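**Q** Give me coordinates for this.
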Amino acid sequence: MRYALPVVLLTLAGCSSTPELPVQPPAPTKADAVTTLGKDLDKTDHRVGAALVAIERNADKPKVVVAESRLAQSYLPPVPENDVAFSMARAAKGSEIDYAKQMAFGRQLATAVNKAWERLEADQSEAKRVSDLKDKRIAELTQEVVRVKKEASNNAWTWIAGGLAVAGALATSFLGPKIGLPLLLCGMLCGAVPFIYDSEYFAITAGTTIAASCGLGLWWLYDRVKDSVNENEKTEDQN
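**A** Sure thing, here's the model as predicted:
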C-alpha cells in the first residue's frame, strides 16, 4: 500500500516526467535489524572460538577440555545426530588428510558466510536509501497535490469574481446602481477571498468577525425584545 501511494499521487499531480525510483532490495530498512543481529552473532562466534582456543591450549587437562567444550556448545543450537556421528567417525579415524579437507571446507564456508553477510549489510543500506527516497517522493507529491488544489480553488474564486463583476457592470448600466453595485462589491469580495484566506491574520479576522456577528445578533434580539415590551406597555397604557 505504501509503495502504491506515490503512483496515485503522481497521477493526481500530473507529474508524468518524474524520474523513476530505483528498485528497493528485499532487506530491512532499519539499520538496527542488521546491526544488532550482527553484533549478537559476532559475540557468539567469538565466545565459541575462545572456548576452542582454551581447549587447544589445555589439551592435557581433561576437566578443562570437557568444561570448555560444554561452554562452547551452550552458545550453539542443538547439533543434529548425523553431524555428531560424522565428527565421531572422523575423530576415530584420526586422518590428517580428512582434517585438512574439513579445515579447508570450514574456511571456504566461513568466507562465503562473511560475504553473504556483507551483501546483506549492503542491501540493507540500499533499502534504507531507497525507502528514504520514496518517503521524500511521497512528501513532494503530496505537496504538489495540495498546491494544485489550492490553485484550482483560487482560479474558481477568480472566475466567480469576474462573472459577478461583469454582471454588476451590466446591471448598473441597464437596471441601475442599486442592483449593479452590490454585485460589483460581491465580485470584489470573491476576488479577495484567496488573499484573505492565505493571510496570517485570517484566524484573527475570522474570529473577530464571528464574535462581532454574534454580538450584533444578540443586540438585535435584545432590541426586538425591548421594542416588543415597550409596545405592550404603550398598549396597556392606552387601554
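
**Q** what distance separates stretch 129-144 from the middle of the whole chain?
**A** When C-alpha coordinates are averaged (Cα atoms, centre = their mean, to the nearest Å), stretch 129-144 and its chain have centres 9 Å apart.

**Q** swap that for stretch 63-79, please
**A** 46 Å.

**Q** Show me what that stretch is in contact with.
**A** T44, R47, V48, A51, L52, A54, I55, N58, A59 (Cβ atoms under 8 Å, 6 or more residues apart in numbering). For the C-beta atoms, the positions are set from N, CA and C on the backbone; glycine is no exception.

**Q** From D223, how far out is G49?
**A** 95 Å (Cβ to Cβ, to the nearest Å).

**Q** wait, Q124
**A** 74 Å.

**Q** Neighbour count: these two, which is higher?
**A** Q124 (20 against 10; other Cβ atoms under 10 Å).

**Q** can you tell me which helix or strand that one belongs to?
**A** Secondary structure from DSSP states H and E places Q124 in helix 96-174.

**Q** now for that helix, which elements pack on it?
**A** Contacts defined by 3 or more Cβ pairs under 8 Å, 6 or more residues apart in numbering; DSSP states H and E place helix 96-174 against helix 5-13, helix 31-57, helix 81-93, helix 177-198.

**Q** can we see that at 6 Å?
**A** helix 5-13, helix 177-198 (3 or more Cβ pairs under 6 Å, 6 or more residues apart in numbering; DSSP states H and E).

**Q** Could you list every helix and strand in contact with the last one?
**A** It stands for helix 177-198. Using 3+ Cβ pairs under 6 Å, 6+ apart: helix 177-198 touches helix 96-174.

**Q** Next, the angle from the helix it packs on to helix 177-198.
**A** Following axes from the mean of the first three to the mean of the last three Cα atoms, to 10 degrees, one obtains 160 degrees for the angle between helix 96-174 and helix 177-198.

**Q** so helix 96-174 versus helix 31-57, what angle?
**A** 170 degrees.

**Q** tell me the mean pLDDT over helix 96-174?
**A** Confidence over helix 96-174 (mean pLDDT, whole number) is 86.

**Q** Next, the angle helix 81-93 makes with it.
**A** Put simply, helix 96-174 runs at 150 degrees to helix 81-93, going by the same axes, to 10 degrees.

**Q** can you give me how far helix 96-174 is from the chain middle?
**A** On Cα atoms, centre = their mean, the centre of helix 96-174 falls 10 Å from the chain's centre.

**Q** Run through the residues that contact E140.
**A** Counting by Cβ atoms under 6 Å, 6 or more residues apart in numbering, E140 touches no other residue.

**Q** where's the residue nearest to the spatial centre of the chain relative to N155, distance?
**A** Centroid-nearest residue in the chain, with Cα atoms, centre = their mean: D135, separated by 6.0 Å. Plainly put, D135 is 31 Å away from N155 if you go by Cβ to Cβ.
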